[in-house]
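Novice: A structural model of the following input is requested.
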Amino acid sequence: MATRPEPAGVPGVPVDRSEVAARVRGWAPSLLRTLIALVATAAIFSALIAALGVNPADALTAFWEGAAGNTFNFGQTVMIASLLACTGLAAAIPFQARLWNVGGEGQLWFGAFAAVTLALILPDGMPGWLAITITVAGATLAGAFWGFIPGILKATVNANEVITCLMLVFIGIALGNYAISTLFPSESNQTESVPFDRLLPNIWTGTLVTAGALLALGAVLVALTLMSGTSLGFQIRAVGLNRNAARISGMRTGRVIVLAFAIGGAFGGLAGAIAVLGINGAVVAGFSANFGFLGIAVALVARLKPLWIIPSALLFAALRTGSSGLQAQTGISATVGEILVTVLVVLLLALGVIRLRYAEAAQ
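Specialist: Model prediction:
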């Protein structure tokens with residue numbers, strides 16, 4: 001008679017090795033394909049660099065140094081990864097409900113708009129920690145509202161979420177630029193600077209890493225808890241697997257759709273707060289560099305798993321910051337980084353690392 005395996009990790013109790021082996025078999029092929037994609041990307045990058053007349057070895061060295069060659073540069077990568085982790089979560093949560101939130105860019109911009117507005121209009125005598133708390137919370141709620149709009153339209157009139165999300169991206173960027181040009185203009189191409197006591201504090205001496213990195217880490221932990229330990233997370237996954245079956249089982253699918261979008265938008269808004277309070281100190285023209293859209297790739301490479309968002313975000317952040325170091329040392333345009341990201345994403349798609357499968361498709 002078969003017995004149920006006892007919990008692993010307890011002294012004196014044998015480990016269920018078959019379960020461990022099954023998990024390894026599940027992620028090992030994906031990891032191998034990811035490594036193949038990285039090697040192929042490096043080979044294509046080397047060929048491109050050689051065609052531009054630069055020694056590929058020198059270029060790869062410059063790229064590495066720009067991304068993680070010293071503490072300061074690695075800190076830059078960490079802060080970009082903080083933004084990408086949040087925008088990755090903005091895509092991953094709705095995607096698990098089979099809802100295509102491609103509006104992370106707009107949610108990021110609207111969160112930044114709300115953050116700079118709150119940081120500049122709150123009373124002067126307010127303690128810095130309270131102003132920061134209100135600003136971060138306000139930006140997060142602003143992002144949630146920006147996600148709520150396509151969610152409620154999808155739930156009530158079945159409006160195509162891709163179209164509504166993209167339209168809201170344009171509005172979010174326009175509002176950010178309006179803050180730069182009209183609401184809080186400054187002499188440079190940005191808004192007024194946020195007062196120093198309302199900026200997120202530095203947490204790593206010798207770098208520009210601020211508490212924004214901790215906020216991003218906290219966001220990942222919140223998403224992990226939500227998706228693996230709450231009934232709402234279960235309902236989001238159930239709606240993604242089969243919306244009709246979820247409805248028949250008694251789930252309020254419209255409510256789940258709205259909440260999934262609002263939660264995703266909240267993470268996008270948090271990214272905007274980190275950009276303003278933890279990186280730039282203002283809304284700077286073009287500050288995003290398409291981080292909202294890149295978050296989609298971050299989420300897909302992580303297979304929509306919150307915990308895997310962290311290494312995925314670090315990977316894409318390193319591609320961005322490394323290209324800046326490449327420009328400084330070789331004179332090659334930083335747009336090479338955009339090419340690298342594109343090549344890597346295409347290879348990951350071709351090798352099946354980036355994919356979404358649902359129960360209906362399997363049938």
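Novice: and Leu315, how far from Val258?
Specialist: In this view, Leu315 and Val258 are 32 Å apart by CB to CB, to the nearest Å. Yep, even glycine has a C-beta here, placed from its N, CA and C like the rest.
Novice: pLDDT weak spots in the stretch 251-363 of the chain?
Specialist: For the stretch 251-363 of the chain, the stretches flagged by pLDDT under 70 are 356-363.
Novice: one more time with 50, if that's ok
Specialist: In the predicted model, the stretch 251-363 of the chain carries pLDDT under 50 at residues 358-363.
Novice: now do the helices in it.
Specialist: Here the stretch 251-363 of the chain has its helices, by DSSP state H, counting those that start in this stretch, at 253-273, 291-301, 309-330, 336-350, 359-362.
Novice: go on, the stretch 101-250 of the chain?
Specialist: Counting by DSSP H, counting those that start in this stretch, the helices of the stretch 101-250 of the chain are 104-121, 128-157, 161-178, 212-229, 231-241, 243-248.
Novice: buried ones in the first one?
Specialist: Okay, so that is helix 104-121. Using 16 or more other CB atoms under 10 Å as the test for burial, helix 104-121 gives 104-120.
Novice: same check on the second one?
Specialist: Taking 16+ other CB under 10 Å as the basis for neighbour counts, the residues of helix 128-157 that come out buried are 131-132, 135-136, 138-155.
Novice: also stretch 58-77?
Specialist: 59-63, 65-68, 73-77.
Novice: before we move on, back to that, which stretch among the helices of the stretch 251-363 of the chain is buried most, on average?
Specialist: Of the helices of the stretch 251-363 of the chain, the one with the most neighbours on average (mean count of other CB atoms under 10 Å) is helix 253-273, at a mean of 28.
Novice: so how far is it from its chain's centroid?
Specialist: Distance of helix 253-273 from its chain centroid, counting by CA atoms, centre = their mean, to the nearest Å, is 13 Å.
Novice: with stretch 250-265 instead?
Specialist: With CA atoms, centre = their mean, you get 20 Å for stretch 250-265.
Novice: can you redo the helices of the stretch 251-363 of the chain as JSON lines with distance to Leu221?
Specialist: JSON lines is the format used below for those (distance: least, CB to CB, whole Å):
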{"stretch": "helix 253-273", "distance to Leu221": "12"}
{"stretch": "helix 291-301", "distance to Leu221": "16"}
{"stretch": "helix 309-330", "distance to Leu221": "10"}
{"stretch": "helix 336-350", "distance to Leu221": "26"}
{"stretch": "helix 359-362", "distance to Leu221": "28"}
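Novice: nearest to Phe95, of the ones you listed?
Specialist: helix 291-301 (6.2 Å; CB to CB).
Novice: relative orientation of that closest one and helix 336-350 in degrees?
Specialist: With axes from the mean of the first three to the mean of the last three CA atoms, to 10 degrees defining the directions, helix 291-301 sits at 30 degrees from helix 336-350.
Novice: what does helix 291-301 rub up against?
Specialist: 34, 80, 83-92, 95, 102-109, 169, 268, 271, 308-309, 312-313, 315-316, 341, 345, 348, 353-356 (CB atoms under 8 Å, 6 or more residues apart in numbering).
Novice: next up, the contacts around Leu347.
Specialist: Contacts of Leu347 (CB under 8 Å, 6+ apart): 36-37, 40-41.
Novice: and it, how far from Ala317?
Specialist: 18 Å.
Novice: repeat for Val39
Specialist: 20 Å.
Novice: how about Lys305?
Specialist: Remark: distance between Lys305 and Ala317 (CB to CB) = 18 Å.
Novice: same check, this time on Ala90
Specialist: When Ala90 is compared with Ala317 (using CB to CB), they lie 16 Å apart.
Novice: what's the helix or strand Ile80 falls within packed up against?
Specialist: Ile80 is located in helix 71-96, with elements delineated by DSSP states H and E. Where contact means 3 or more CB pairs under 8 Å, 6 or more residues apart in numbering; DSSP states H and E, helix 71-96 is packed against helix 56-68, helix 104-121, helix 128-157, helix 212-229, helix 231-241, helix 253-273, helix 291-301, helix 309-330.
Novice: for that helix, buried residues please.
Specialist: Under the neighbour-count criterion of 16+ other CB under 10 Å, helix 71-96 has 73-96 buried.
Novice: gap between it and the chain center?
Specialist: On CA atoms, centre = their mean, the centre of helix 71-96 falls 4 Å from the chain's centre.
Novice: over to stretch 190-204?
Specialist: Worked out by CA atoms, centre = their mean, stretch 190-204 lies 22 Å from the chain centre.
Novice: what residues does Ile236 make contact with?
Specialist: Ile236 sits next to 93, 96-97, 227, 256, 259-260 when contact means CB under 8 Å, 6+ apart.
Novice: pLDDT at it, what is it?
Specialist: Ile236 carries a pLDDT value of 97.
Novice: setting aside sequence neighbours, what's the nearest residue to it?
Specialist: Ala97 (4.6 Å; CB to CB, 6 or more residues apart in numbering).
Novice: for the one you found, give me its contacts.
Specialist: Applying CB under 8 Å, 6+ apart, we find Ala97 in contact with 236-237, 239-240, 256-257, 260.
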